[in-house]
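In: Structural data only, the sequence is not supplied:
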């Protein structure tokens, strides 16, 4: 079952080439994903990322409930701020998904979840709501994915587009802060945040707008009119890869724990009250047998390591690739991989086998750029 | 037996406070090592580093001989260039010393060795000359440590001092290149190189001058007259620590192998012809149970972890400190440590126990700055 | 006949007249005992942007069904197969620096290589009409 | 008597008149039932530049021979020991921001703390002359 993103027709009008991703039909590129990548780094692009799941959580016990579900201490998340990535774990500490939480008020939080997990994360949350004994009225969870859209404006020139969209106060947003119910093109949107997943939220400027479908259509068209190059999911993938951001399903799943993944950003050390948190602490103290690392191939090498490709130290297989791609900024292939802890030679060279041939690669702690 | 460095009296005239280091009496500071550190980062300092050992190697087989002794492929070292750090290993792959080699010509190389090993490295080289069957005439090794001096001018304003010393052509030196027998203050020196051990050789500018004792005295005085702040070994130690440079005896010794140390800079991967090189390759393929990492304490924390202090993940001891110090640039304590490979949480937090108390520290791959 | 444009729900794919096609989405142009090969518009659109092309050395002997070149795209890696035995006589060197010529002009500047062969058997290949049908079938699956 | 300057091969060390000294290189100034303590010029020169001082809370009960403060220098870490039982009545808060006052003025602005004590026994302490001798002996070893 493939579902079309609500703005697919608008994307096509803008030159989008649709393709399937995680059960959605959406634009994977707009002709040249490398140019879309570079425009994000050097100018400004706009992405329709409505394939991501969106929930609204309301009720007097929402904060307490979420605090019991995710790996980060949410008491440190201020109002009108996002949590940064947080993990949902199974009871063995395996990774179910990484979510982004938005604290509007104590009793009103929003969540963005990964596309493949739109339904399963919700089920999981509902399961835990019951297990933990919360009344649905105290923790009300609505999946608004199919009725809303999420538009990302990314790149150093993003402020010009935000200006053109008539958004007031976006300049004051620090990373992960958001404006609640601001006007965009004269109409109320749900929120505008300083965020993204391209690295531009950290490197320069990246904003995301969460709103209704019709409003989103206007915004997407206006953003392009104001100079943003439309960009698709392939560019989004190469951008996140340059930053070393992890893709659930590819780089991590229920068989990996957050310590192996080195997903420090999503962990509050010592937090024990969430599902699986005890297993994180256990792994942290016990140590792990493998680590996620980055692989940077030699300049000009465009042989792309793909999921499952082997990593070698001399004759020894020391790990395997989980995702790879071409970095336009570095003009070479880069990849994320798991290697044995005993061989996590950050800064040193290993080989990666791509379609039967060995290529020299440097182990690096991402970001790559 | 403590030996005075040849320029000790000159150092004292410049305000030097002598102390012992590795069997030498030399200036450990000139009143305030923190200021000396900062002057190296922000302006220019001059160090008398004559406590380092210096050898001259002559003869038709010198290149071949050295190639069999050290961990880096010397065929890649060009004339008038230094090798960067290279390791002398025992037959088990344990670290005896790190040296710096200078290629003047195929049959004329110089070496700088660490102060504690001035005599022992020489003995080791002579032992191997015999074992490998080289005639002394083909590989002549002279220890010139006691008849020469080494003066290091370090910092972003080092070029001004080099100018004042009347050195021609220093501007064109790239990192690790040297001028052979250039004129300094109108007299011939042995060499002037773009190098140092403070990080300034990489960060901005650092030069070293190898010459005779009397000439060195003039140079030291003139450098100070030209604006260089005299600096001692304590500042030198905090500078190298900020860069994560390793101190033999403290951070590595014959019980450590280069893979554990992560001394990538000193290794040519796959080189097998040197003493101990096979063990390096073996360790590389087999993996290691511990890694050297950096520890960065919280801002403002000045409790200095010292050699032997324990590192913890939760309740688990995961390693120990090999050297620590105060980083004036970061305003906090930093340290080098070994931790179990399974716990080499680069980017994440651990605790370090300093005199019975735990301090939070982030594991980092140096340099710290 | 003329070129065929296969229109599907998610895109349009050009199938050029005067060429033969393979099940593995190559196009083949026959001139005497030499074939010129490339990948189809459909193939390049499925692969998406191509960042690298590995070409064989001219002179290489190749056997029918064997992979003879590799295309590395932002999305995946794909082999190019020869339909006939023969010898590679020329490769498109332009692709080394500009692999995206395959995206820009799959039937023209994006040609991949030429093979000299003694056993051309076009009955093993697809006509434009058959190939267009194949695309339609694949897209509707 | 006056101050003593101990000159050795590698440095000069001031031993101030009117103070008592300890084997562990503290100086002690006695005023009634209160002692003021610091470390000697010799100690600070051996420690070299001091980057951190850990002080006890005023009110802390201390026992003779116990470490009561810690000096962190660029070279090493050293404890300060009290020669007598008593109670810490005052600490030099200036040292928190400027630990190097100990280097700049060990007998003055670099004082460390004051202890109120009921059992002052100066016979357990060294006179300036004895302390100067101790330094000489140590330096010539």
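Out: On my side now, so go ahead. In this text, all values refer to a predicted model and were calculated from it rather than measured experimentally.
In: could you say what helices and strands the worst-scoring helix or strand of chain A on mean pLDDT packs with?
Out: None of the helices or strands of chain A scores lower by mean pLDDT, DSSP states H and E than helix A:200-203, at a mean of 90. Helices and strands touching helix A:200-203, by 3 or more C-beta pairs under 8 Å, 6 or more residues apart in numbering or on different chains; DSSP states H and E, are helix A:33-42. From N, CA and C alone the C-beta is placed, and that goes for glycine too.
In: For the helix it packs on, list every residue counted as buried.
Out: Buried residues in helix A:33-42, counted by 16 or more other C-beta atoms under 10 Å in any protein chain shown: A:33-41.
In: was I right about residue C:101 contacting residue C:93?
Out: No: with contact defined as C-beta atoms under 8 Å, residue C:101 and residue C:93 do not form a contacting pair (10.9 Å).
In: more crowded one of those two?
Out: residue C:101 (21 against 10; other C-beta atoms under 10 Å in any protein chain shown).
In: distance of the nearest residue to the more buried one once chain neighbours are set aside from residue B:210?
Out: Of all residues not flanking residue C:101 in the chain, residue C:110 sits nearest, at 4.3 Å (C-beta to C-beta, 6 or more residues apart in numbering or on different chains). Using C-beta to C-beta, to the nearest Å, we find residue C:110 at a distance of 60 Å from residue B:210.
In: What segments of chain C are strands?
Out: Secondary structure of chain C by DSSP state E: the strands cover C:4-8, C:11-15, C:20-21, C:26-31, C:34-39, C:50-54, C:61-62, C:67-73, C:77-81, C:86-91, C:113-116.
In: Are stretch C:69-86 and chain A in contact anywhere?
Out: Yes: Stretch C:69-86 reaches chain A (C-beta under 8 Å from any C-beta of the partner chain) through C:70, C:72, C:74-77.
In: mean confidence score for that stretch?
Out: For stretch C:69-86, mean pLDDT rounds to 95.
In: start to end distance for it?
Out: Using C-alpha to C-alpha, to the nearest Å, one end of stretch C:69-86 lies 14 Å from the other.
In: next one: that stretch to chain centre, how far?
Out: 8 Å (C-alpha atoms, centre = their mean, to the nearest Å).
In: next one: stretch A:230-245
Out: That offset, for stretch A:230-245, works out to 10 Å (C-alpha atoms, centre = their mean).
In: Equivalent analysis for stretch A:267-275, please.
Out: Worked out by C-alpha atoms, centre = their mean, stretch A:267-275 lies 21 Å from the chain centre.
In: when you scan that stretch, is anything in it near chain B?
Out: Yes: counting by C-beta under 8 Å from any C-beta, chain B is contacted by stretch A:267-275 at A:267, A:269.
In: Okay, buried residues for that stretch please.
Out: A:267-269, A:271, A:274-275.
In: mind checking the end-to-end distance for that stretch?
Out: 13 Å.
In: So what touches that stretch?
Out: The contact list for stretch A:267-275, computed with C-beta atoms under 8 Å, 6 or more residues apart in numbering or on different chains, reads A:67-73, A:76, A:87-91, A:128, A:258, A:277-278, A:280-281, A:284, B:348-349.
In: From these, which land in helices?
Out: A:67, A:128, A:258, A:277-278, A:280-281, A:284 (DSSP state H).
In: the helices in the stretch 151-300 of chain A, which residues?
Out: A:158-164, A:200-203, A:213-225, A:233-243, A:258-261, A:277-286 (DSSP state H, counting those that start in this stretch).
In: mind listing what the closest residue in space to residue A:223 that isn't next to it in sequence touches?
Out: Computed as C-beta to C-beta, 6+ apart, the closest residue to residue A:223 that is not its neighbour in sequence is residue A:46, at 4.2 Å. By C-beta under 8 Å, 6+ apart, the contact list for residue A:46 reads A:151-154, A:161, A:220, A:223-224, A:228-231.
In: Closest one of the residues you listed to chain D?
Out: residue A:154 (43.9 Å; C-beta to the nearest C-beta).
In: Residue A:76 versus that closest one, what's the distance?
Out: Distance from residue A:154 to residue A:76, by C-beta to C-beta: 26 Å.
In: So for these two, which sits in the more crowded spot?
Out: More neighbours surround residue A:154 than the other of residue A:154 and residue A:76, with 34 against 10 (other C-beta under 10 Å).
In: in the stretch 1-150 of chain A, which spans are helices?
Out: Using DSSP H, counting those that start in this stretch, helices in the stretch 1-150 of chain A cover A:8-13, A:33-42, A:62-67, A:118-131.
In: what about the third one, average pLDDT?
Out: In this case it means helix A:62-67. Per-residue scores along helix A:62-67 average to 98.
In: rewinding a little: adding distance to residue B:12 and mean neighbour count, write the helices of the stretch 151-300 of chain A out as JSON lines.
Out: Output for the helices of the stretch 151-300 of chain A, formatted as JSON lines (distance: least, C-beta to C-beta, whole Å; neighbours: other C-beta atoms under 10 Å in any protein chain shown):
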{"stretch": "helix A:158-164", "distance to residue B:12": "60", "mean neighbour count": "20"}
{"stretch": "helix A:200-203", "distance to residue B:12": "51", "mean neighbour count": "20"}
{"stretch": "helix A:213-225", "distance to residue B:12": "70", "mean neighbour count": "19"}
{"stretch": "helix A:233-243", "distance to residue B:12": "54", "mean neighbour count": "25"}
{"stretch": "helix A:258-261", "distance to residue B:12": "54", "mean neighbour count": "24"}
{"stretch": "helix A:277-286", "distance to residue B:12": "52", "mean neighbour count": "18"}
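In: The residue of chain A found nearest chain C - nearest residue in space that isn't next to it in sequence?
Out: Relative to chain C, the nearest point of chain A is residue A:302 (3.5 Å; C-beta to the nearest C-beta). Spatially, and ignoring its direct neighbours in sequence, residue A:302 is nearest to residue C:52 (3.5 Å; C-beta to C-beta, 6+ apart).
In: Could you measure from the one you found over to residue A:71?
Out: From residue C:52 to residue A:71 the distance is 38 Å (C-beta to C-beta).
In: quick one: residue A:307 from chain B, how far?
Out: As judged by C-beta to the nearest C-beta, to the nearest Å, residue A:307 and chain B stand 23 Å apart.
In: Contacts only, for the residue of chain A positioned farthest from its centre.
Out: Among the C-alpha atoms of chain A, the one most distant from their mean position (C-alpha atoms, centre = their mean) is that of residue A:315, at 35.2 Å. For residue A:315, the contact set (C-beta under 8 Å, 6+ apart) comprises residue B:285.
In: Same check on residue C:126?
Out: C:20-23, C:134.
In: Flag every residue of chain C that's near chain A.
Out: C:10-11, C:45, C:48-49, C:51-52, C:54, C:70, C:72, C:74-77, C:99-100, C:103.
In: Who does the closest residue to chain A within chain C form a beta bridge with?
Out: Residue nearest to chain A within chain C (C-beta to the nearest C-beta): residue C:52, separated by 3.5 Å. Applying DSSP bridges to residue C:52 gives these bridge partners: residue C:72.
In: how far away is it from residue B:9?
Out: On the measure of C-beta to C-beta, residue C:52 and residue B:9 end up 65 Å apart.
In: between the two, which one's more packed in?
Out: Shown here are residue C:52 and residue B:9; by other C-beta under 10 Å, residue C:52 has more neighbours (19 against 12).
In: list the contacts for the more buried one?
Out: Per C-beta under 8 Å, 6+ apart, neighbours of residue C:52: A:302-304, A:326, C:70-72, C:99.
In: my read: residue A:150 touches residue A:49, true?
Out: Yes: using C-beta under 8 Å, residue A:150 is in contact with residue A:49, at 4.9 Å.
In: Please identify which of these two sits among more neighbours.
Out: residue A:150 (23 against 20).
In: so what's that one up against?
Out: A:48-50, A:52, A:54, A:112, A:208-210, A:216.
In: mind putting those in JSON lines, pLDDT included?
Out: Listed next are the contacts of residue A:150 as JSON lines, based on pLDDT from 0 to 100:
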{"residue": "A:48", "pLDDT": "98"}
{"residue": "A:49", "pLDDT": "98"}
{"residue": "A:50", "pLDDT": "98"}
{"residue": "A:52", "pLDDT": "97"}
{"residue": "A:54", "pLDDT": "98"}
{"residue": "A:112", "pLDDT": "98"}
{"residue": "A:208", "pLDDT": "98"}
{"residue": "A:209", "pLDDT": "98"}
{"residue": "A:210", "pLDDT": "98"}
{"residue": "A:216", "pLDDT": "98"}
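In: Fine by me, we can end here.
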